[in-house]
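Enquirer: No sequence on hand, only this structure:
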């Protein structure tokens, strides 16, 4: 069994705030650093060691991975080009299977959406009608038998703001039907 930790990068400079800065160069904001630093420390307290940590080459993901590595007292962070936001999950898993140590039982992957959500859905075996809500700065653990892309068993996810551990995948709350919303309004 391999423990996969999917990590979506922390809060980064927004498109409107970046000026002439290309999207690929956007760094974490101060708030993003602070919030993820707190989450990384909470994750470290879970005593879930990571054998190998890989990140996208984009600055916001590299900064997130460095914060996590610091909290875990790890010095080595590898770069996977296929952790860029536009790469398909299958492409990333293929590259990962080539670069991961064969004896690694815990691998951390720091990346972007939509890829992290697609990976959580694929590896977590989510049904087609389920919506994953993978917030910036979240960590999701999924146990898999190998790196082939077969569905594994979602274990937990760590919420970025509250640092609360929740079972399973980060699922979006279903929208309330319009009739239920209007009934609540009528009750006042």
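Expert: Looks like it arrived, so ask away. Worth saying up front: this structure is predicted, and the values here are computed from it rather than measured.
Enquirer: Please work out the average pLDDT along the helix or strand that contains residue 119.
Expert: Assigned by DSSP states H and E, residue 119 belongs to helix 115-124. Average pLDDT, helix 115-124: 94.
Enquirer: And it, what does it pack against?
Expert: Identification of packing neighbours for helix 115-124 by 3 or more CB pairs under 8 Å, 6 or more residues apart in numbering; DSSP states H and E yields strand 2-8, helix 89-99, strand 106-111, strand 139-144, strand 153-158. Every residue, glycine included, has its C-beta placed from N, CA and C.
Enquirer: Touching, residue 119 and residue 92? I think so.
Expert: Yes - between residue 119 and residue 92 there is a contact under CB atoms under 8 Å: 7.3 Å.
Enquirer: so who does residue 173 touch?
Expert: Residue 173 is in contact with residue 133, counting by CB atoms under 8 Å, 6 or more residues apart in numbering.
Enquirer: is it true that it lies in a helix?
Expert: No - applying DSSP: H, G, I helix; E, B strand; the rest coil, one finds residue 173 to be coil, outside a helix.
Enquirer: any idea how far it is from residue 136?
Expert: 18 Å (CB to CB, to the nearest Å).
Enquirer: next one: residue 157
Expert: On the measure of CB to CB, residue 157 and residue 136 end up 13 Å apart.
Enquirer: again, but for residue 150
Expert: 27 Å.
Enquirer: what about these two, which has more around it?
Expert: residue 136 (20 against 12; other CB atoms under 10 Å).
Enquirer: what helix or strand is the more buried one on?
Expert: Going by DSSP H and E, residue 136 is not in any helix or strand.
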